[in-house]
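Enquirer: Sequence first, then the predicted structure, then my questions.
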Amino acid sequence: MISYDEAIKIVLDTITPLPPVDIPLEEAVGHVLAEPVKACWDLPAADNSAMDGFAFAYTGQDEGGTLTLIGSAFAGHPLDQPVAAGEAAQITTGAPLPPGTDTVIPLEEVEERQGSITLLKAPIQGQHVRYRGEEFRNGEELLSPGTELRPGEIALLASAGITRVNVHPRARVAILSTGDELVALGETPGPGQIVNSNLPMLCALLREIGCEPLPLGIGRDTPDALAEVIRAGLQADLLLSTGGVSVGEKDHMQETLNRLGFERRFWRARIKPGKPILFGTLQGKPVFGLPGNPAATGATFEIFVRPALRRLAGQGDPLPPKLRCTLAEKVKGGHKRQNFLWCRLEEENGRYRAIPSQRQGSGQNRSLQEACALLPVPVESPDLEAGSEVEVLLLRLPPGRTC
Ligand SMILES: Nc1nc2c(c(=O)[nH]1)N[C@H]1C(S)=C(S)[C@@H](COP(=O)(O)OP(=O)(O)OC[C@H]3O[C@@H](n4cnc5c(N)ncnc54)[C@H](O)[C@@H]3O)O[C@H]1N2
Ligand code: MOO
């Protein structure tokens, strides 16, 4: 059985970013650029004022000097009239400097009286001026491929006249829930039945990262029924299934995929939870067979599927970020599989404490409750002592701390 490190390497080596699409800038938040973006003009387009005040030509004026007011330059309403030495124009923040001026004195540093101003402080030449092109020049590369567009980047591109961007789309993900015992959310389970809780969990996980879930419904435990639903899933960019990947008599996922031409890359990894995970491609599309136990579905999504989706979306470093924190309780080592323990995170004096969930059972949804991190415990690791420093895989911020 392969290790997690070997398995995730296979996943990331198999998957390449989705072909780029051209989308409106306003819809691009969270997407990753597929090509460089260049400015369509200089910004600022002209020298302009950084303050509300008065613009004038610096000729060595000192405190107490006076200037005659000859007009006003407002943002959006420039003053075209030249300003001669000894004169000044009223100016507002963002208004272009009128011809002949090079310096601005703020309102608070003058006394205005009967069409002239007296300087209450000696100015410095060029003060409070924002120069043409000081933020960027026409044609300058502003962002390079691989950059994730966040609100700040969107604002930058908007200011540079960019209306559309070429980005990698976020994946559309087909979800197949397998199991004769499953009923859809909203139905009351009969004897031996349970609600398909993995589907809403996966939809929520996908929406959290901007991917589109395409639920395929519940595939019953026969190869024919499963094959039909799997075919429908090939319209998506990636196919996820839950359940039916272990060794039980009704575990038909792998056999059904094989019939359809599945190229298996691996089955089973030395991890807990999630050991029976299956990964490969079908007609070039990545397929993950996630184990059906809810905490195994959740964990394998976090450690395999999320990185795969980030790679499809063009993210350069698709693995979960690591956070150093203090372990709140002793954790036993010596396992044959690499354990991934669900943890809560609590902030204490600017540092996080990782508190392993009391329930780690793979069959329990409650293992995931309030979990924000997974603590990897390597194969045959010694016990991890309470108070020691550990590195967790950060999944999300604690509840109530999400911005
Ligand atoms: N003899 C062995 N049995 C099992 C092994 C093994 O190595 N040898 N591995 C165990 C491990 S580890 C896991 S994990 C599970 C995974 O099995 P499957 O992926 O085949 O999943 P199922 O058997 O279909 O279901 C397991 C469990 O999860 C519940 N389930 C399934 N789908 C959903 C869903 N959509 N929503 C909520 N709960 C779901 C299902 O009812 C079962 O209780 O196999 C072990 N067995
Ligand atoms: O992988 Mo299983 O999740 O250990 O129950």
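Expert: Great, that's in hand. Numbering: from 1, shown residues only. Ligands and ions are numbered 1, 2, ... in the order given.
Enquirer: who in the stretch 251-400 of the chain is up against ligand 2?
Expert: Proximity of the stretch 251-400 of the chain to ligand 2 (Cβ under 6 Å from any ligand atom) is limited to residues 272-275, 291, 293, 296, 362. In short, each C-beta sits where N, CA and C put it, glycine included.
Enquirer: CSV for the residues you listed, including pLDDT and neighbour count?
Expert: CSV is the format used below for these (pLDDT from 0 to 100; neighbours: other Cβ atoms under 10 Å):
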residue, pLDDT, neighbour count
Lys272, 97, 20
Pro273, 97, 25
Gly274, 97, 28
Lys275, 96, 19
Pro291, 96, 25
Asn293, 96, 24
Ala296, 97, 27
Ser362, 91, 18
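Enquirer: Among those residues, which one sits closest to Thr16?
Expert: Nearest to Thr16 out of those is Gly274 (Cβ to Cβ; 24.3 Å).
Enquirer: what residue ranges in this protein score low on pLDDT?
Expert: The chain contains no residues with pLDDT under 70.
Enquirer: ok, now which ones touch the residue lying closest to Pro96 once chain neighbours are set aside?
Expert: Distances taken as Cβ to Cβ, 6 or more residues apart in numbering put Ala46 closest to Pro96, at 4.2 Å, once the chain neighbours are dropped. Contacts for Ala46 were tallied using Cβ atoms under 8 Å, 6 or more residues apart in numbering; they are 78, 96-97, 132.
Enquirer: Kindly indicate the member of these with the most neighbours.
Expert: Leu97 (26 neighbours; other Cβ atoms under 10 Å).
Enquirer: how close does that one sit to Glu109?
Expert: Noted for Leu97: a distance of 17 Å to Glu109, by Cβ to Cβ, to the nearest Å.
Enquirer: Check Ser357 too.
Expert: Taken as Cβ to Cβ, the span from Ser357 to Glu109 is 61 Å.
Enquirer: One more: Gly152?
Expert: Gly152 is 32 Å from Glu109, by Cβ to Cβ.
Enquirer: Compare neighbour counts for the two and give me the winner.
Expert: Of the pair Gly152 and Glu109, Glu109 is the one with more neighbours under other Cβ under 10 Å, namely 19 against 8.
Enquirer: Does that one touch Gly53 like I think?
Expert: Yes. With contact defined as Cβ atoms under 8 Å, Glu109 reaches Gly53; the gap is 7.4 Å.
Enquirer: Enumerate every residue touching the residue in the stretch 1-150 of the chain that ligand 1 sits nearest to.
Expert: Minimum separation of the stretch 1-150 of the chain from ligand 1 (Cβ to the nearest ligand atom) falls at Met1, amounting to 10.3 Å. Counting by Cβ under 8 Å, 6+ apart, Met1 makes contact with 268-270, 275.
Enquirer: sorry, back to before: just say helix, strand or coil for the residue nearest to Pro96.
Expert: Judged by DSSP: H, G, I helix; E, B strand; the rest coil, the three-state class of Ala46 is coil.
Enquirer: excluding its backbone neighbours, what's nearest whichever residue of the stretch 251-400 of the chain sits closest to ligand 1?
Expert: When scored by Cβ to the nearest ligand atom, the stretch 251-400 of the chain has Gly292 as its residue closest to ligand 1, at 2.6 Å. Of all residues beyond its chain neighbours, the one nearest Gly292 is Gly243 (3.0 Å), with distances taken as Cβ to Cβ, 6+ apart.
Enquirer: Give me the phi and psi for the one you found.
Expert: phi 80, psi 170 (degrees, to the nearest 10).
Enquirer: Quick one: residues in contact with the strand ranked longest in the chain.
Expert: The longest strand of the chain (DSSP state E) is strand 338-348. By Cβ under 8 Å, 6+ apart, the residues outside strand 338-348 that reach it are 3-4, 270-274, 295, 299, 303, 323, 325-326, 328, 331, 352-357, 360, 367-368, 370-379, 392-394, 397-398, 401.
Enquirer: other SSEs contacting the helix or strand that contains Asp5?
Expert: If you go by DSSP states H and E, Asp5 is part of helix 4-14. Using 3 or more Cβ pairs under 8 Å, 6 or more residues apart in numbering; DSSP states H and E, the elements in contact with helix 4-14 are strand 263-267, strand 278-282, helix 306-312.
Enquirer: Go through those and name the closest to Ser144.
Expert: helix 306-312 (18.0 Å).
Enquirer: Show me which residues of the stretch 301-403 of the chain are close to ligand 1?
Expert: Residues of the stretch 301-403 of the chain lying close to ligand 1 (Cβ under 6 Å from any ligand atom) are 362-363.
Enquirer: just the strands in the stretch 301-403 of the chain please.
Expert: Ranges of strands in the stretch 301-403 of the chain, per DSSP state E, counting those that start in this stretch, are 322-327, 338-348, 351-356, 373-377, 389-394.
Enquirer: winner for burial among these?
Expert: With neighbours defined as mean count of other Cβ atoms under 10 Å, the strands of the stretch 301-403 of the chain peak in mean count at strand 373-377, which reaches a mean of 22.
Enquirer: Could you pull out the helices in the chain for me?
Expert: Shown for the chain, the helices assigned by DSSP state H span residues 4-14, 151-159, 198-208, 223-233, 253-259, 294-300, 306-312.
Enquirer: ok, the third one near ligand 2 or not?
Expert: If I follow you right, that is helix 198-208. No. On the criterion Cβ under 6 Å from any ligand atom, helix 198-208 is out of touch with ligand 2, staying 12.3 Å away.
Enquirer: can you list the residues that contact that helix?
Expert: For helix 198-208, contacts defined as Cβ under 8 Å, 6+ apart pick out 173, 175, 177, 185, 212-213, 215, 240, 242-243, 290, 292, 294, 297-298, 301-302, 306, 309, 365, 368, 396.
Enquirer: Distance check, the nearest residue to His168 once chain neighbours are set aside against Pro169.
Expert: Nearest non-adjacent residue to His168, counting by Cβ to Cβ, 6+ apart: Gly314, 3.4 Å away. Counting by Cβ to Cβ, the gap from Gly314 to Pro169 is 9 Å.
Enquirer: Much appreciated, bye for now.
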